[in-house]
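Peer 1: using only what follows, build the 3D model:
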Amino acid sequence: MSDVVGYRKRRGVEAFMLAFAITLAMGGYVLTHLNRDAELPPEWPWALTALLVVGIALHAVIRWRLPYADPLILPLVMLLNGLGLAMIHRLDLDDTKAPHSAELQLNWLFVAAATCIVVILLLRDYRVLQRYTYTIFLAGMVLLMLPLVPGLGTEKNGARIWIHLGPYSFQPAELAKIVLSVAFASYLVEKREVLALAGGRFLGIEFPRPRDLGPILVMWLASLAVLVFQKDLGTSLLFFGLFVLMLSVATEKP
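Peer 2: Numbering: from 1, shown residues only. Have a look, this model is predicted:
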């Protein structure tokens, strides 16, 4: 007789941690200004309202559509966004040329939250992405290689990782991180049992069969090769750690 595993919704836990995360974020934002100018930042009501609106909206949609989602993800995302906002605000205080970067960051936070809500509403079952593992990988590689396109990509501080679209510029590698993570996860879910159980030993260490590990290894090496060519060391290290961690989680081996 198989065991049935029940999962709690834990949306109350998410709400509590979300409130704690926003409190920490706003504390950092306010203290940054207090330590420098001994007064509250004039924009603090707008910053607090923005974080609350985004946090409550995302929590409500998750409670409605994804009641069994991990309660840690949203609070951690809001905490990182809030602490990043505090750091950008501190830089704004000394930047006379572009003193409104924190406000721009809040605007992009709304864009990101709206995108997240659209994905939650449209992607009813994320497992359908497993049908398109290699297509998703190719999409991620295209994003990674966009800065190498003549006339589109530009080099800054020795790294060619930016592209310009009209008055805006951004790093497509930031989107590629998400896309390639989905591709890696999709492959590992499909092959996790053979990766964990089938294989041989070399120097006392168990290795998966080459035909099982090969495809994802090629994906990983291809993405690293592009990043190294672009001289993007930071993202290269992130992809290395991401690959090792995901492989360890999938095979349940250290």
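
Peer 1: quick one: low-confidence residue ranges for this structure.
Peer 2: Where the chain drops to pLDDT under 70, the residues are 1-8, 95-99, 196-208, 253-254.

Peer 1: helix, strand, or coil at Glu155?
Peer 2: strand (DSSP: H, G, I helix; E, B strand; the rest coil).

Peer 1: how far does the helix or strand containing Ala112 sit from the chain's center?
Peer 2: For Ala112, the element it lies in under DSSP states H and E is helix 101-122. On the basis of CA atoms, centre = their mean, to the nearest Å, helix 101-122 sits 13 Å off its chain's mean C-alpha point.

Peer 1: who touches it?
Peer 2: Residues from elsewhere that reach helix 101-122 (CB atoms under 8 Å, 6 or more residues apart in numbering): 43, 46-47, 50-51, 54, 57-58, 61-62, 65-66, 81, 84-85, 88-89, 91-92, 95. Backbone N, C-alpha and C define where each C-beta goes, glycine included.

Peer 1: what do you get for stretch 239-254?
Peer 2: Under the criterion CB under 8 Å, 6+ apart, residues 177, 180-181, 184-185, 188-189, 191-192, 195-196, 206, 208, 216, 220, 223-224, 227 lie in contact with stretch 239-254.

Peer 1: mind giving me the PyMOL select for these, buried ones only?
Peer 2: Those of the contacts of stretch 239-254 that count as buried under 16 or more other CB atoms under 10 Å are selected in PyMOL with:
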select buried, resi 177+180+181+184+185+188+191+192+195+208+216+220+223+224+227
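
Peer 1: out of the contacts of stretch 239-254, which sit inside helices?
Peer 2: Cross-referencing the contacts of stretch 239-254 against helices under DSSP state H gives 177, 180-181, 184-185, 188-189, 191-192, 195-196, 216, 220, 223-224, 227.

Peer 1: of all those residues, which two lie farthest apart?
Peer 2: Largest separation among the ones in helices among the contacts of stretch 239-254 by CB to CB: Ala196 and Leu227, giving 28.2 Å.

Peer 1: which strands and helices sit next to the longest strand seen in the chain?
Peer 2: The residue-count maximum for a strand in the chain (DSSP state E) belongs to strand 159-165. Contact partners of strand 159-165 among helices and strands, from 3 or more CB pairs under 8 Å, 6 or more residues apart in numbering; DSSP states H and E: strand 153-156, strand 168-170.

Peer 1: okay, those strands, which one's buried deepest?
Peer 2: Among those, strand 153-156 has the highest mean neighbour count (mean count of other CB atoms under 10 Å), at a mean of 13.

Peer 1: what helices or strands is it leaning on?
Peer 2: Applying 3+ CB pairs under 8 Å, 6+ apart, one finds that strand 153-156 makes contact with strand 159-165.

Peer 1: residue contacts, Gly140?
Peer 2: By CB under 8 Å, 6+ apart, the contact set of Gly140 is 176, 179-180, 183, 223.

Peer 1: same thing but at 7 Å, please
Peer 2: Neighbouring residues of Gly140 by CB atoms under 7 Å, 6 or more residues apart in numbering: 176, 179-180, 183.

Peer 1: and if you look at Gln171?
Peer 2: By CB under 7 Å, 6+ apart, Gln171 lies in contact with 161-162.

Peer 1: and the gap between it and Val61?
Peer 2: 27 Å (CB to CB, to the nearest Å).

Peer 1: distance-wise, check the residue positioned nearest the centre of the chain relative to Thr115.
Peer 2: Centroid-nearest residue in the chain: Ile178, 5.8 Å away (criterion: CA atoms, centre = their mean). Ile178 is 11 Å from Thr115, where distance means CB to CB.

Peer 1: hey, what's Leu165 bridged with?
Peer 2: Beta bridges link Leu165 to Tyr168 when assigned by DSSP bridges.
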